[in-house]
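Sequence first, predicted coordinates after that:
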Amino acid sequence: MSPRRAVFLINLLQDVNIVRPLAYLAREASVRPVFLLSQRFLKRDRKGLWRDEVERIAQEIGAAVHVYDAVFDAYQHLQGGNGVLIAASESDLPAHVDTHEVFRAAPASYLKVTLQHGYECVGFLQSRQHDLSHGRNVRFAADVLAGWTPLERQRSMPASERAKYLFTGATARIVLPDESPRRRIPAEALICENLHSVRFTAEGDHRDAFMEMFNGFAVAMRSADKRIALRPHPGGKRVFDLSGAGPAVLREEAPFYSLDLSSVAYGVSPPSSVVIDLLLADTPAAVWRDPAGDMDADAYAGLHSVSLPGDVLAFRRLALTSREEVLERQRRFLADRGLNKPVEAVRAAFLDLLGGARPAVRTTAAPPTWLVAADAVAATQTISFVQPFAEQTAPRIAAIGHDESWNEPAALDALWKQHRPCGLVLSRYTRSAGQALIDKARAEGVPVVFHIDDDLLAVPDSLGKAKYDYYNQPERLAALKSAMNAADVVYASTAPLAERLKQHGVVAPVIAGDIYCTVEVPDAPGPGRDAGPIIGYMGTGGHGADLDMVLPAITTLLDEFPALRFETFGTIKPPAWLAETYGERVGHHPGESNYDLFLARLGELGWSIGLAPLEDTAFNRCKADTKWVEYSRAGIAVVASDLPVYHRACADGAGWLAASTEDWTHILRALVSDANAVQTGVDKARARLKQDYTRARLADQVRRVFNAAEVARAATGDITARSDSPGRPV
């Protein structure tokens, strides 16, 4: 038999960057590297830069280089050989036809591997603009799909392709032992563009907005006598005239792998894998979006974002003065998405593939999926469904935000084809498409659960005019109540909320949860601060009335204890008069939309005491003890309003309850004066979390709700209750 080969198909210019580390790694796996270049690759490479790179790499590793035009040409090079066939851009989309057809025709003696070629990649993880341009049903001819993140993060991968998936990590993580030193970039900042991307044109044209940002920032930097580098996308078609910029702006077109990205102070890029390259290089990076916010950048949630020249200048100041704070935020982002897979683990995964190891074939039967539809996927859906089942094999949770097209049968057919759900959850869903979703579920014979964690049928004006007006629109109230009554069961977060819904005339069976928010408790709580005690309050801007309840106690204590600080976290800010009175002793931390990042950030604030004031209203009495859970996880002692919401959580010294201004003042004074009492309360609270507020317990609770919905639907004769249902009682 002929020696094993590692054949690399090169079609797009950016393919070189993706496959290069594996070409060098092939030597370590003792396989013969071969490059097959498509004719379209040569045409795209107008300057010959990337052909020269391939030739240089081939010379260093002793690889053969061939060019193919038709599929038959490539087949001739593969015939009679064996090994692994690797492509960085392969799918059934027209742009990838040159590699897709070769994969389809390749001899069975080759293991066919498609590499994820970008963080957001068609068929793996797509933005909304990708969906509009390419659809949601991208297919591959590969045997193995090698991806950058755990499978659950690849939300755009069709069910039929998921069995092929292997979490290898990105090839950019591979460090080559004998690599030449990378060239430093002679500039303070690196600005990257991908103006050819569908992001800029699928929903309006945002290219001019990017150029306005770039030109405005360049002018400001030229005035400051600073230099920036512009990095055009390798496959882009935009020609930049920088002749008027003088030495302040330089064009940097060298391959990324030859550049030392850590040599710049910071970088800016539209949503692109360039952002991930900067993060992996530990370089502060900001994601550019259009000022109107039309461009989908949800995959980068948690990172700094910029739109206008002033935003970039503000990020520059942050990167230069608080670099470590920016980098820590970026490291959390990488860890949250699994993008920081250890280098040796990435090397080992690819060495196995190059050496001939075929990954174990997964079952093609996907785990049963419950489709969770919400107005927008936020903390509620993460807490209630995503996190409890994150470590479970079944059921799978697919949480998706509202889409206007759901009122159209074709869109619902496509949605069902993609997820093939065994059940539907409408979570706080208030749109008119709720009835269309329920009708589709009925037609498919799957049960429907309506999930709700607030009394949305009676939102009070105390939450602010915006929320009051939004939820009290007659058409929204009608859609909400109609969907609840049409569901097989309604799943309420608390027993008081369940009773309240019945009072509102909800006729569907209502099941109340025993617990709502659960967390994994770290061994050590967040770091403390040596500067003195800090009292904190976290919440949204709609909780101003709650905060007002405790301000008299806060001002009294700030007067009594000169070392005491008061801070808020979230969209709620301290009143201006409080900040003016106490200066730097009053602070605010912007919120985090990503729930995992929110928990991590809360644990880093160093608060001693966390406040959970709550007005005594019918709406608030339906709430859950979420603040107590989140504070306690972070190692923050809790003082809460003396309402049933917090009675169980704070019992036996795991928190303190206040019913009046005098209570708040007395309890807070005692805790500020006694660090041991604070620690004792924290220890008791964290012990209760570990015993009673576990994700496994919440998963069991949700399974019972799912099972009840299946039984209710079976009773109608539409479906048959299954003894092996993922919702069966535990």
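Yes, it's here.

For the rest of this, base every contact and every neighbour count on C-alpha atoms.
OK.

longest helix anywhere in the chain?
Counting residues, the longest helix in the chain under DSSP state H turns out to be helix 695-715.

buried sites along that one?
Residues 695-714 are the ones in helix 695-715 that count as buried (16 or more other C-alpha atoms under 10 Å).

Can you spell out which helices and strands pack onto that helix?
strand 448-452, strand 489-492 (3 or more C-alpha pairs under 8 Å, 6 or more residues apart in numbering; DSSP states H and E).

With mean neighbour count, distance to residue 207 and mean pLDDT as extra columns, can I get the ones you listed in TSV?
Formatted as TSV, those follow (neighbours: other C-alpha atoms under 10 Å; distance: least, C-alpha to C-alpha, whole Å; pLDDT from 0 to 100):
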stretch	mean neighbour count	distance to residue 207	mean pLDDT
strand 448-452	27	41	97
strand 489-492	27	45	97
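
Adding distance to residue 193, write the ones you listed out as TSV.
Shown next, in TSV, are the helices and strands packed on helix 695-715 (distance: least, C-alpha to C-alpha, whole Å):
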stretch	distance to residue 193
strand 448-452	42
strand 489-492	46
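
Out of the ones you listed, which is closest to residue 315?
strand 448-452 (38.3 Å; C-alpha to C-alpha).

And the closest one, what does it pack against?
Using 3+ C-alpha pairs under 8 Å, 6+ apart: strand 448-452 touches strand 423-427, strand 489-492, helix 695-715.

By mean pLDDT, show me the worst of the ones you listed.
Averaging pLDDT over each of the helices and strands packed on strand 448-452 singles out helix 695-715 as the lowest, with a mean of 88.

Specify the angle between that helix and strand 423-427 in degrees.
If you take axes from the mean of the first three to the mean of the last three C-alpha atoms, to 10 degrees, helix 695-715 sits at 120 degrees to strand 423-427.

chain center to helix 695-715, what's the gap?
Mean-position distance between helix 695-715 and its chain equals 27 Å (C-alpha atoms, centre = their mean, to the nearest Å).

Pull the distance from the worst-scoring helix or strand of the chain on mean pLDDT to the chain's centre.
In the chain, the helix or strand scored least confidently by mean pLDDT, DSSP states H and E is helix 159-162, which has a mean of 80. On the basis of C-alpha atoms, centre = their mean, helix 159-162 sits 21 Å off its chain's mean C-alpha point.

go on, stretch 614-626?
30 Å.

Dump that stretch to CSV, restricted to CA.
In CSV, the C-alpha atoms belonging to stretch 614-626 read as follows (Å, rounded to 0.1, in the frame of the first residue of the first chain):
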residue,chain,number,x,y,z
LEU,A,614,-38.8,44.7,47.1
GLU,A,615,-42.0,46.8,47.3
ASP,A,616,-44.9,44.8,48.8
THR,A,617,-47.1,44.6,45.7
ALA,A,618,-49.2,41.8,44.2
PHE,A,619,-46.7,41.7,41.3
ASN,A,620,-43.7,41.4,43.5
ARG,A,621,-45.2,38.7,45.7
CYS,A,622,-45.2,36.4,42.6
LYS,A,623,-41.4,36.8,42.2
ALA,A,624,-38.7,34.2,42.9
ASP,A,625,-35.7,34.5,45.2
THR,A,626,-33.2,35.0,42.3
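
So what touches it?
With contact meaning C-alpha atoms under 8 Å, 6 or more residues apart in numbering, stretch 614-626 is reached by 453-455, 458-460, 493-497, 500, 515-517, 545-546, 549, 640-641, 643-646, 649.

in it, what counts as buried?
614, 615, 619, 620, 621, 622, 623, 624, 625, 626.

same check, this time on stretch 261-278
261-272, 274-278.

now do stretch 96-108
Along stretch 96-108, these residues count as buried under the neighbour rule (16+ other C-alpha under 10 Å): 96, 97, 98, 99, 100, 101, 102, 103, 106, 107.

what do you get for stretch 74-83?
Applying 16+ other C-alpha under 10 Å to stretch 74-83 flags 74, 75, 77, 78, 81, 82, 83 as buried.

Can you select the buried ones among the contacts of stretch 614-626 for me in ChimeraX?
Buried subset of the contacts of stretch 614-626, written as a ChimeraX selection, criterion 16+ other C-alpha under 10 Å:
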select :453,454,455,458,459,460,493,494,495,496,497,500,515,516,517,546,549,640,641,643,645,646,649
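
Which of the contacts of stretch 614-626 fall in helices?
495, 496, 497, 500, 545, 546, 549, 644, 645, 646, 649.

so which one among the residues you listed has the lowest pLDDT?
residue 545 (89).

how far away is it from residue 539?
11 Å (C-alpha to C-alpha, to the nearest Å).

so what are the domain limits for the protein?
Per automatic domain parsing, the structural domains of the chain span 5-169, 183-336, 369-512, 534-692.

Of these, which shows the lowest average pLDDT?
domain 183-336 has the lowest average pLDDT among those, namely a mean of 87.

so how far is that domain from its chain's centroid?
On C-alpha atoms, centre = their mean, the centre of domain 183-336 falls 20 Å from that of its chain.

List the contacts of residue 679.
residue 637.

where's it relative to residue 540, distance?
27 Å.

that older thread, report the angle between the longest helix of the chain and strand 448-452.
Using the same axes, to 10 degrees: helix 695-715 against strand 448-452 is 140 degrees.

Give me the secondary structure label for residue 66.
Assigned state for residue 66: strand (three-state reduction, DSSP: H, G, I helix; E, B strand; the rest coil).
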